[in-house]
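Enquirer: let's see this in three dimensions:
(chains A and B)
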Amino acid sequence: MKVDKVIVTNRAALHNKYTTGLQRIDDAIGRLIAADRTRGLTTLSVAIDSTTDMRPVKASPVSQVLDRRQVKAAIDAVVTAYTPDYLLILGATDIVPMQVLRNPARGDGDANVPSDLPYACVAPYSNDPSVFLGPTRVVGRLPDLVGGDDPTYLVTLLGTAARYRTRPREEYQRYFGLSAQVWQASTALSLGNVFGDPSAMRTTPPRGPHWPDAQLALRAHFINCHGAPSAPEFYGQPPGQEEYPVAHEAKRLKRKVSNGTVIAAECCYGAQLYDPKDSGGQAGICNSYLADGAYGFFGSTTIAYGPSEGNGQADLICQFFLDAVLAGASLGRAALEARQRFAALYTHLDPTDLKTLAQFYLLGDPSIHPVAAVPHALSRTKTFKKTFRQAKATPGARAFRRERLARTGSNLQQSLGAARLIRVTWPAHVTRVLRAAAKESRITELARQSFAVSFPRAASTGGMKQFATARRGRSVYLLLGERITSHKVKRVVALAATVQDGVIVHLRRVHSR
Amino acid sequence: MSFRGHVVRKRLSVGSKSEHEALVLVTPDGQEYKLRRQGGNPFHDPALDVLEGQQIECDGIVRDRQLIMSRWSVLD
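Expert: Residues are numbered from 1 along each chain as shown, chains lettered A, B, ... in the order given. So this is what the prediction gives:
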């Protein structure tokens, strides 16, 4: 029997949290599995801590809830055995922990990067993010509340997933687009790219957080604001000022979010799962959207990156996610395609690119299709309908898509390079050029970092062989500096020089936000 | 938990989307925590500005290198 979707969870951890309420969760999982069946999906629930459930996949059960090595091995074994098209991680980080990766952008304030990216990758357990450059699996996480003891939240989310319905694209064309005022040019570019028209963008300041009901009821939300750990708000900022007015609040979402809403949030910590007790009992914005009927939330676990002008990093991966959703992809496929498209933009990932790939993830059932794909004309013919009478779509189509996604991920894993921090003395000409650029940019130097760019062995074969020699000595040198703006506000600017065979081949200036 | 230390102003999350200036508690053993008031704005909270340059003791929880304070007092 082909298993289309696997739900993985830790039953002992659920029992420890909910004790008497566990039956309600079991019943809700049963209803989701039944609903999946009516959609043509065979769904299997697997407890990774159960000897009975893990025996068929020839793996040891997880004995310690937070043992990340055990959990990664268990989930890999489940996916290898059943090859599901969708992997749903059920529970927050105290049920199924995220993998904890080293922070490639060391020094930005995050000790590490909690990530679901490794669960989307074939590569075995590691805390090195550069091991996970080729995601191939369609993964999403349906969270409960960290530290909670009432199963109602999780039962509600399972119910939303069970009862989901696909809607026409038109219902997602109008959007709630929210930006910190300081980033409005970048956000307008993103909204234009995704929706074709940025004119509906709202900014904080001057407005927020009292958004009209009609705005919050729109089904596509794109948010580019500040965020903070364990904070149930997002924040705006006027250009050139150290003011951070509240832009969006979790407590204002209750009964305001339409069923089926999909959110992409660029904000730092935008999808962090934290214990509501840390913020006076108020769950985070991501948790609150899902509680109110949203289907999916795509966001970051930690501090995110983006350029001051134009688009980059967080802007792009969020755009790619919404792009795929609007084109009719499942939420999980949209998250995977976003990761793959983002990674495929580069020959190698610099530290902030690598962190972006690791930190963004999907909260929601990955098999949900919020938006109907536009069918081709042949599907309206009698022959087509007769041929595929039993299925709502061509049964081979999803298999073809998974094959393509696995190929893309595998290619990335075998070809993409990543920058790794090293300690070397800067070459004299690099020092000279970056110092000159710093002077020209009116920057006072704060710190220097050096990175070696390394590539997988397979990246130097076949058609890529011609580049092997040239990029052998590729490295990145980063000068972090400070500039005083006209408002007497200090701004940090990073100047990056990419060097190949001793020659500077690329210069980049990244402004802080 | 209780903490004690010197409050300084620093630039944090350098180069990220949320780079900002904030008050940081530097403890006697060199640990640094961004200061935040329970329920206060994590980026700029005028209620905490008076602590800059002061020695303080406080109670709170640490989350992601932020010290979310429920109580504090300035030491003489």
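
Enquirer: ok, residue 34 - how many residues close by?
Expert: Going with chain A. Residues within reach of residue A:34, counting by other C-beta atoms under 10 Å in any protein chain shown, total 11. The C-beta positions use only the backbone N, C-alpha and C, and glycine is treated the same way.

Enquirer: look at chain B instead
Expert: Close neighbours of residue B:34, defined as other C-beta under 10 Å, add up to 23.

Enquirer: just residue A:51 next, same as before
Expert: Neighbours of residue A:51 (other C-beta under 10 Å): 9.

Enquirer: longest strand of chain B?
Expert: strand B:2-12 (DSSP state E).

Enquirer: residue contacts, residue A:48?
Expert: A:8, A:9, A:10, A:54, A:61, A:62, A:71, A:74, A:75, A:78, A:96 (C-beta atoms under 8 Å, 6 or more residues apart in numbering or on different chains).

Enquirer: next up, phi/psi of residue A:287, please.
Expert: With angles defined as degrees, to the nearest 10, residue A:287 sits at phi -60, psi -40.

Enquirer: pLDDT score for the residue nearest to it when sequence neighbours are not counted?
Expert: Excluding the flanking residues, the one nearest residue A:287 by C-beta to C-beta, 6 or more residues apart in numbering or on different chains is residue A:145, at 6.4 Å. We have a pLDDT of 98 for residue A:145.

Enquirer: so residue A:145 belongs to a helix, correct?
Expert: No: secondary structure of residue A:145 (DSSP: H, G, I helix; E, B strand; the rest coil): coil, not part of a helix.

Enquirer: and the pLDDT at residue A:264?
Expert: Value listed for residue A:264 in the pLDDT field: 98.

Enquirer: which residue comes closest to it once chain neighbours are left out?
Expert: Residue A:264's closest residue in space is residue A:318 (C-beta to C-beta, 6+ apart), at 3.9 Å.

Enquirer: do I have it right that residue A:304 meets residue A:268?
Expert: Yes: shown here, residue A:304 and residue A:268 form a contact pair, counting by C-beta atoms under 8 Å, at 5.0 Å.

Enquirer: and for these two, which residues touch both?
Expert: Common neighbours of residue A:304 and residue A:268 (criterion: C-beta under 8 Å, 6+ apart): B:16, B:17, B:18.

Enquirer: what residues are up against residue A:374?
Expert: A:169, A:328.

Enquirer: would it count as being in a helix?
Expert: No: Residue A:374 is assigned coil when assessed by three-state DSSP, not a helix.

Enquirer: burial of the residue nearest to residue A:287, as a residue count?
Expert: 23.

Enquirer: for burial, what's the neighbour tally of the nearest residue to residue A:218 once chain neighbours are set aside?
Expert: Of all residues not flanking residue A:218 in the chain, residue A:176 sits nearest, at 4.7 Å (C-beta to C-beta, 6+ apart). As a burial measure, residue A:176 scores 23 neighbours (other C-beta under 10 Å).

Enquirer: residue A:176: which element?
Expert: strand A:175-180 (DSSP states H and E).

Enquirer: from the contact counts, what lies against that strand?
Expert: helix A:184-195, strand A:202-204, strand A:220-224, strand A:246-249 (3 or more C-beta pairs under 8 Å, 6 or more residues apart in numbering or on different chains; DSSP states H and E).

Enquirer: and these: which comes nearest residue A:212?
Expert: strand A:202-204 (9.8 Å; C-beta to C-beta).

Enquirer: which ones are touching residue A:367?
Expert: Per C-beta under 8 Å, 6+ apart, neighbours of residue A:367: A:4, A:5, A:36, A:41, A:85, A:86, A:88, A:330, A:331, A:332.

Enquirer: so which of the helices and strands packed on strand A:175-180 is nearest chain B?
Expert: strand A:246-249 (7.3 Å; C-beta to the nearest C-beta).

Enquirer: identify the residues contacting whichever helix or strand comes after the closest one?
Expert: With elements assigned by DSSP H and E, the helix or strand that comes after strand A:246-249 is strand A:262-265. By C-beta under 8 Å, 6+ apart, the residues outside strand A:262-265 that reach it are A:172, A:219-225, A:227, A:234, A:271, A:285-286, A:289, A:294-300, A:318-319, A:321-322, A:325, A:331, A:370.

Enquirer: quick one: contacts for residue A:451?
Expert: Contacts of residue A:451 (C-beta under 8 Å, 6+ apart): A:350, A:351, A:419, A:420, A:421, A:422, A:475, A:476, A:477, A:478.

Enquirer: give me the buried entries from those residues.
Expert: Buried residues within the contacts of residue A:451, counting neighbours by 16 or more other C-beta atoms under 10 Å in any protein chain shown: A:350, A:351, A:419, A:420, A:421, A:475, A:476, A:477, A:478.

Enquirer: ends of stretch A:286-302, what's the gap?
Expert: 13 Å (C-alpha to C-alpha, to the nearest Å).

Enquirer: bridged to residue A:300, which residues?
Expert: Beta-bridge partners recorded for residue A:300 (DSSP bridges): residue A:360.

Enquirer: next, residue 40: phi, psi?
Expert: Went with chain A since none was named. Taking degrees, to the nearest 10 as the convention, residue A:40 sits at phi 90, psi 10.

Enquirer: correction: the question concerned chain B.
Expert: Dihedral angles for residue B:40 - degrees, to the nearest 10 - are phi -90, psi 170.

Enquirer: spatially nearest residue to the residue most central in space within chain B (excluding sequence neighbours)?
Expert: What sits nearest the mean C-alpha location of chain B, by C-alpha atoms, centre = their mean, is residue B:35, with 1.8 Å. The shortest distance from residue B:35 to any non-neighbouring residue, by C-beta to C-beta, 6+ apart, is to residue B:23 (4.5 Å).

Enquirer: looking at this, residue A:289 is in a helix?
Expert: Yes: according to three-state DSSP, residue A:289 belongs to a helix.

Enquirer: what about it, how many neighbours?
Expert: 28.

Enquirer: that one touches residue A:253, doesn't it?
Expert: Yes: Residue A:289 sits in contact with residue A:253 when judged by C-beta under 8 Å, with a separation of 6.1 Å.

Enquirer: those residues of chain B touching chain A, which are they?
Expert: B:11-21, B:34, B:36, B:38-39, B:41-44, B:61, B:63-66, B:68 (C-beta under 8 Å from any C-beta of the partner chain).
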